[in-house]
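**Q** mind looking at a prediction? Sequence and model below.
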Amino acid sequence: MTQQIYSGYNCHTQLRSILKDFRPKNIFLVTGQNSYHLSGAESLIGKIISEFKHVRFYECEVNPKLEDIEKGVDLFHKEKCDFVVGIGGGSVMDIAKSISLLATQQSKIEEIIKKETAIKQREIPSVMIPTTAGTGSESTHFSTIYIGKTKYSLAHESLLPDIVILDPTFTDKLPASITACTGMDALCQSIESFWSVNSTEESRKYSTQAIRLLMSNLVKGVLAPDKNTRESLLIASNLAGKAINIAQTTAAHAISYPLTSYYNIPHGHAVALTLPYFIKLNSDIALENLQDKRGIDFVKNNMAELIELLDVHTPDEARDKIINIMKEIKLETRLSNLGIGKDSIKIIVENGFNPQRMKNNPKVITETELRSLIAQIL
């Protein structure tokens, strides 16, 4: 499906005409508990939403859980809603997207999430308005949902929202720590989608644009942000989302999930901890560990192009450059300083060795290599 995107400062005002065109009977508004107010969305978007019948749902945690989705779908039905607006970070948008798809399904929600039953096309129109510059969830056809500590991906082509409003106004007040984590998430997504075995010319075009914008704006966006920087980071985040929507994520994302679910490390930070080391691993490619069907020369050329894009000359320099960016924006780079010791390696590997995401990686990654990698960042 074709997605309509509005971009730029104050483009949120387009929401009024969008809603008038759709004529919803009752809007299901999904927001964060605090971010809706702190981002300024409550005063600006709330004013528009108040002109229409609506119900607000904000009983959700940072990482979407099955219980959150079930509560939301129950309320959606109870209030007889017919339209979804999601305003917030990646978790909020993932919940809003999931509800827009699952509210009209006949099967049990848990069965759908676990891929035990088929999914029908989404019937509920949706608008997404990000208030962070990181996940790009507004332009992807999948949502992250946790059942217990296990991460699942709800995926369907119709999950892609109909309309996106990229208004940097709602990122202007983001704390430096959140800008850092979400910005690193976008950078990791753009790099992983660049080397993914599913990458295409289109996805690498999005990845390339995102990497350039992030390398130019991320540090300033954390340490001394201005309006141009905020806008660039939001656009970069969306481009990275478009890239992973095609190419999907790879090994670094797979390993990030247990770091988040077991050790409460914010998602973007969790991915960034290992990604620099995967640059080195994926550059060390041979026929016996090749996973990309396009061949070893393609992968070598692709990795060389990525290293050039990062404005360095070797995989080691690329690794060090990403690590130094993390240090500049005050993100810890050592697991031991985050309370994670040698005894945690087993937990991380056992719960992060996701076969599907590992298959997206250009190189076959063994459990031995993963253990060695994690040991390097202790």
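**A** Cool, got the structure.
**Q** hang on, isn't residue 58 packed against residue 28?
**A** No. Counting by C-beta atoms under 8 Å, residue 58 stays clear of residue 28, with 11.4 Å between them. (C-beta placed from N, C-alpha, C; glycine too.)
**Q** comparing those two, which residue is more hemmed in?
**A** More neighbours surround residue 28 than the other of residue 58 and residue 28, with 27 against 17 (other C-beta atoms under 10 Å).
**Q** the more buried one contacts residue 76, doesn't it?
**A** Yes. Between residue 28 and residue 76 a contact is recorded at 5.2 Å, counting by C-beta under 8 Å.
**Q** now for these two: what residues contact both?
**A** Taking C-beta atoms under 8 Å, 6 or more residues apart in numbering as the criterion, residue 28 and residue 76 both touch 57, 99.
**Q** ranges for the strands of the stretch 1-150 of the chain?
**A** 4-7, 27-31, 54-57, 83-88, 126-130, 142-147, 150-155 (DSSP state E, counting those that start in this stretch).
**Q** what of the stretch 151-300 of the chain?
**A** 163-166.
**Q** hey, what's residue 363 bridged with?
**A** residue 290 (DSSP bridges).
**Q** CA atoms only for stretch 145-152 - export them in PDB, please.
**A** What follows is stretch 145-152, C-alpha atoms only, in PDB (Å, rounded to 0.1, in the frame of the first residue of the first chain):
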ATOM      1  CA  ILE A 145       5.200  -7.300  21.200                       C
ATOM      2  CA  TYR A 146       6.500  -9.200  24.300                       C
ATOM      3  CA  ILE A 147       4.900 -12.200  25.800                       C
ATOM      4  CA  GLY A 148       6.600 -12.600  29.100                       C
ATOM      5  CA  LYS A 149      10.300 -12.000  28.300                       C
ATOM      6  CA  THR A 150      10.100 -13.300  24.800                       C
ATOM      7  CA  LYS A 151      10.000 -10.800  21.900                       C
ATOM      8  CA  TYR A 152       7.600 -11.500  19.000                       C
END
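**Q** report the buried residues of that stretch.
**A** Residues of stretch 145-152 classed as buried by neighbour count (16 or more other C-beta atoms under 10 Å): 145-146, 151-152.
**Q** repeat for stretch 204-224
**A** Applying 16+ other C-beta under 10 Å to stretch 204-224 flags 204, 206-215, 217-219, 221-222 as buried.
**Q** for stretch 158-171, same thing?
**A** Neighbour-count burial for stretch 158-171, counted by 16+ other C-beta under 10 Å, picks out 158-171.
**Q** so can I have JSON lines of those residues showing distance to residue 361 and pLDDT?
**A** Output for the buried residues of stretch 158-171, formatted as JSON lines (distance: C-beta to C-beta, whole Å; pLDDT from 0 to 100):
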{"residue": "158", "distance to residue 361": "28", "pLDDT": "96"}
{"residue": "159", "distance to residue 361": "24", "pLDDT": "97"}
{"residue": "160", "distance to residue 361": "24", "pLDDT": "98"}
{"residue": "161", "distance to residue 361": "28", "pLDDT": "98"}
{"residue": "162", "distance to residue 361": "32", "pLDDT": "98"}
{"residue": "163", "distance to residue 361": "33", "pLDDT": "98"}
{"residue": "164", "distance to residue 361": "29", "pLDDT": "98"}
{"residue": "165", "distance to residue 361": "34", "pLDDT": "98"}
{"residue": "166", "distance to residue 361": "30", "pLDDT": "98"}
{"residue": "167", "distance to residue 361": "35", "pLDDT": "98"}
{"residue": "168", "distance to residue 361": "33", "pLDDT": "98"}
{"residue": "169", "distance to residue 361": "37", "pLDDT": "97"}
{"residue": "170", "distance to residue 361": "34", "pLDDT": "97"}
{"residue": "171", "distance to residue 361": "31", "pLDDT": "97"}
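**Q** list the contacts for residue 48?
**A** 12-13, 15-16, 19.
**Q** repeat the analysis, applying 10 Å as the threshold.
**A** Residue 48 makes contact with 12-19, 85, according to C-beta atoms under 10 Å, 6 or more residues apart in numbering.
**Q** these in helices, which ones?
**A** 14-19 (DSSP state H).
**Q** in ChimeraX, how would I select the buried members of the residues you listed?
**A** Buried subset of these, written as a ChimeraX selection, criterion 16+ other C-beta under 10 Å:
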select :14,15,18,19
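**Q** for the ones in helices among the contacts of residue 48, which one is nearest residue 235?
**A** residue 14 (16.6 Å; C-beta to C-beta).
**Q** okay, that closest one: pLDDT?
**A** Per-residue pLDDT puts residue 14 at 98.
**Q** so it makes contact with residue 6?
**A** Yes. Assessed by C-beta atoms under 10 Å, residue 14 is found in contact with residue 6 at 4.8 Å.
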